[in-house]
Every structure is written in C-alpha cells, then in structure tokens.
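>>> Got a sequence here, can you model it:
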Amino acid sequence: MEYSADLPLVQVLADGRFHSGADLGEVLGISRAAIWKRIQRLAELGLDVESVRGKGYRLARPLDLLDESRLSEGLAGRAELIFSPVTGSTNADALALAVEGREGPLVVTTEFQSAGRGRRGRQWRSPFAANIYLSVLYRLPGGFASLGGLSLAAGVAVSQVLEQACPGLPLGLKWPNDLLVEGRKLGGVLIELAGEIETQVQVVVGVGINVAMLDAQADSIDQPWTSLLQYGDLSMSRTELAESLSGALLNMLDTFVARGFAAFVPAYRELDLVRDKAVTVITAGKSQTGIARGVAEDGALCVEIEGKRHYLHGGEVSLRLQ
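Predicted coordinates for the structure are as follows:
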C-alpha cells in the first residue's frame with residue numbers, strides 16, 4: 001500500500017482538532033470524496049479517526065510527529081539521518097543500505113513500519129507516530145572478535161535514556177534483548193549483521209520503544225506490554241527521545257569497540273531482571289529449568305541447571321522467567 005498521498009492529511013489532523021471535509025479538501029486541493037477515501041486508509045496506519053456530523057474529522061488524540069530537520073541537525077557530524085515517514089522496517093532499510101555499499105554510522109527512523117520485526121522474526125507492532133522505531137548502521141573494525149553482549153550494551157544505553165525521559169520508571173532488562181516494566185514489554189533490541197569483509201564488519205542495532213501506543217493499536221500483540229505514557233508525562237518529545245536514543249547508541253558503539261561488553265557489565269547488573277531468578281531455557285525444542293546466575297563479560301547468560309553452570313548465547317536460546 002502506498003501511503004505517501006495520505007501523509008499531508010495526517011499532518012493536518014495531527015493537532016487533534018476537528019476539521020471539516022470541506023476545509024480539508026480546500027487545504028489539500030482534493031475533493032471531499034477523496035478526503036473520505038483517504039480517511040478510511042488511515043486505519044491501516046494504526047490511526048483512529050473520529051467522524052462527527054457537522055464537525056468533521058479528528059484523530060482520537062493529537063500526534064507528536066518527528067521533526068526530521070531537528071533530528072538531522074542533532075546528528076550532524078556524527079551520523080547521517082535516513083528518514084522516511086512510512087517504511088517496511090528500519091532494520092531492513094539499514095541492511096539494504098549496507099548492501100548498496102553505504103557505510104555507517106547511519107541512523108534510520110520512521111513514523112510507521114508496515115513490516116516491523118523483533119527477535120526470531122516476530123512481528124513488531126508499529127502504529128503511526130505512536131512509538132520509536134530506530135536503527136543504527138555502524139562499521140566495526142575488521143577482525144572484530146565478538147559481538148557477544150552487544151544487545152545487552154544497547155539495552156543499557158536505551159534504559160539510561162528512558163529513565164531520563166520518564167523519571168522513576170521501574171525499568172529492567174530481560175536477557176538478551178527485552179526492556180520490561182513490571183513484567184510488561186516496553187521495548188526491545190534487534191541486532192543484525194549487515195556484512196563482513198576483511199576491513200570491516202557492519203552491524204545494525206535496531207530499537208523499538210512503545211511511547212504512546214493505545215490498546216486499540218496493540219490488539220495483535222500476544223504478550224503483556226506497556227508504554228512510557230502509562231507511567232506519566234514524558235520530559236521529552238518523540239523527536240528529543242529519538243535524538244537522545246541515537247546519540248546514546250552511537251556512544252555505546254564507540255565504547256563497545258574500544259572496551260567490549262565488559263564496560264557495560266556493572267550497569268547491566270543493576271538492570272538485570274533475571275539474575276538469581278528461576279528461568280526456563282528453551283533451545284532446539286527442549287526446555288530446561290534452572291537459576292540464572294548473571295552474565296559473563298562476553299554477554300553469555302550463566303544458568304545453573306541441576307547444580308551445573310551453563311553459559312548460553314542469545315542466538316541459541318529463548319528465556320522465560322518463572
């Protein structure tokens with residue numbers, strides 16, 4: 001579905017006020033019938049439009065749209081911004097740019113993903129202008145020994161920004177890539193390898209954060225979830241949040257190259273939700289129950305099963321808290 005023709009309508013309706021069909025048609029230079037057709041398509045973007053006879057149309061709530069110019073200025077000198085209001089997946093876009101020969105650092109973000117995805121190919125619900133969908137393409141030195149712990153380091157960097165955006169947020173990390181608040185998923189990290197040659201390794205660090213998602217926009221999510229606005233007013237706009245997250249991830253990657261995950265272990269331990277908890281480890285269809293004993297300096301999770309310690313890596317297993 002091509003949504004570009006609908007975006008000017010979204011921008012007019014973003015204020016959350018009523019706009020008559022006639023006024024919208026005049027502003028956008030199209031007929032009232034065309035306005036009605038475009039209004040119907042907005043549901044595909046995850047937007048709830050109210051229609052009241054005699055008043056016109058309005059969104060169920062105002063939108064805090066991303067400011068592309070401000071984001072670009074905020075990243076100047078550090079990374080190039082790639083912004084599309086609507087896309088399939090920011091991670092997929094970053095991977096495609098790497099294949100085309102583009103080198104990081106690049107920051108790819110959007111208002112809406114039609115094919116957002118999480119770990120193990122799961123769908124990531126991505127309604128328009130409700131959350132943060134952001135990916136960083138970054139070049140690591142050739143021969144870089146290990147990416148172990150990168151998703152954990154990213155989780156630490158993201159958590160620190162979110163705690164500033166929403167003071168008092170009871171946030172923690174569930175190995176290897178989930179950000180949880182009171183047992184409900186607030187966001188996640190997806191690491192993908194973009195390409196490897198002798199001189200460099202390109203990685204994509206993807207982050208999805210639920211900011212202001214409504215229940216109606218999350219009807220297909222099959223696990224407990226939450227959003228930042230459920231924990232009070234934010235101290236940052238979505239643009240400021242995206243800018244802060246981008247900067248934090250770039251700083252994290254610089255540190256990770258220099259010092260590896262070891263630099264993030266103390267901070268991760270403070271956020272670790274599974275340490276000394278009973279967990280179920282699922283690998284190759286087999287389930288085992290044990291006690292999590294923290295993470296190693298390569299990001300592996302230590303799980304004690306029947307008195308023996310096992311070290312697990314994120315690509316191998318799924319983990320469930322008991």
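>>> Hmm, Val99 is touching Gly195, no?
Yes - counting by C-beta atoms under 8 Å, Gly195 is a contact partner of Val99 at 6.9 Å. Heads up, the C-betas are built off the backbone N, CA and C, glycines and all.
>>> between those two, which one's more packed in?
Gly195 (16 against 11; other C-beta atoms under 10 Å).
>>> Would you quantify the distance from Val181 to Tyr133?
From Val181 across to Tyr133, the span is 19 Å (C-beta to C-beta, to the nearest Å).
>>> Contacts for the helix or strand hosting Ile39, please.
For Ile39, the element it lies in under DSSP states H and E is helix 32-41. With contacts defined as C-beta atoms under 8 Å, 6 or more residues apart in numbering, helix 32-41 is touched by 1, 3, 5-6, 9, 21-22, 24-25, 28, 30, 49, 51, 57.
>>> Flag every buried residue along that helix.
Within helix 32-41, the residues that qualify as buried by neighbour count (16 or more other C-beta atoms under 10 Å) are 34-35, 38-39.
>>> SS state for Val27?
What DSSP: H, G, I helix; E, B strand; the rest coil gives for Val27 is helix.
>>> mind checking pLDDT for the residue nearest to Arg58 when sequence neighbours are not counted?
Distances taken as C-beta to C-beta, 6 or more residues apart in numbering put Phe18 closest to Arg58, at 4.6 Å, once the chain neighbours are dropped. For Phe18, the pLDDT comes out at 96.
>>> Phe18 and Gln40, how far apart?
Phe18 is 18 Å from Gln40, where distance means C-beta to C-beta.
>>> now swap in Ser227 and tell me
Distance from Ser227 to Gln40, by C-beta to C-beta: 26 Å.
>>> re the thing from before, and which of the buried residues of helix 32-41 is nearest to Leu65?
Nearest to Leu65 among the buried residues of helix 32-41, counting by C-beta to C-beta, is Arg38 at 17.2 Å.
>>> so the residue nearest to Arg58 makes contact with Ser51?
No - with contact defined as C-beta under 8 Å, Phe18 does not count as touching Ser51 (9.6 Å).
>>> out of the two, which sits in the more crowded spot?
The neighbour comparison of Phe18 against Ser51 (other C-beta under 10 Å) goes to Phe18, with 16 against 12.
>>> and stretch 231-242, how far apart are its ends?
19 Å (C-alpha to C-alpha, to the nearest Å).
>>> can you list contacts of that stretch?
Against stretch 231-242 from outside (C-beta under 8 Å, 6+ apart): 64-67, 70-71, 109, 129, 132, 134, 161, 164-169, 181, 209, 211, 228, 244.
>>> Could I get the full set of helices for the stretch 1-150 of the chain?
7-13, 21-28, 32-41, 68-75, 90-99, 150-165 (DSSP state H, counting those that start in this stretch).
>>> Now do Gly232: how many residues are near it, please.
When counting by other C-beta under 10 Å, one arrives at 11 neighbours for Gly232.
>>> what pLDDT does Leu193 get?
Reading off the model, Leu193 has pLDDT 88.
>>> So what's the residue count around Leu186?
Using other C-beta under 10 Å, Leu186 has 27 other residues around it.
>>> who's in contact with the closest residue to Ser318 other than its chain neighbours?
Among residues not flanking Ser318 along the chain, Ile282 sits closest, at 4.4 Å (C-beta to C-beta, 6+ apart). With contact set as C-beta under 8 Å, 6+ apart, Ile282 has these partners: 317-320.
>>> quick one on the thing from earlier: shared neighbours of Phe18 and Ser51, which are they?
Tyr57.
>>> Where do the helices of the stretch 151-300 of the chain begin and end?
For the stretch 151-300 of the chain, the helices defined by DSSP H, counting those that start in this stretch occupy 238-259, 265-271.
>>> low pLDDT regions in the stretch 1-150 of the chain?
Scanning the stretch 1-150 of the chain for pLDDT under 70 picks out 1-3, 117-125, 142-145.
>>> Having no further points to raise, I will conclude here.
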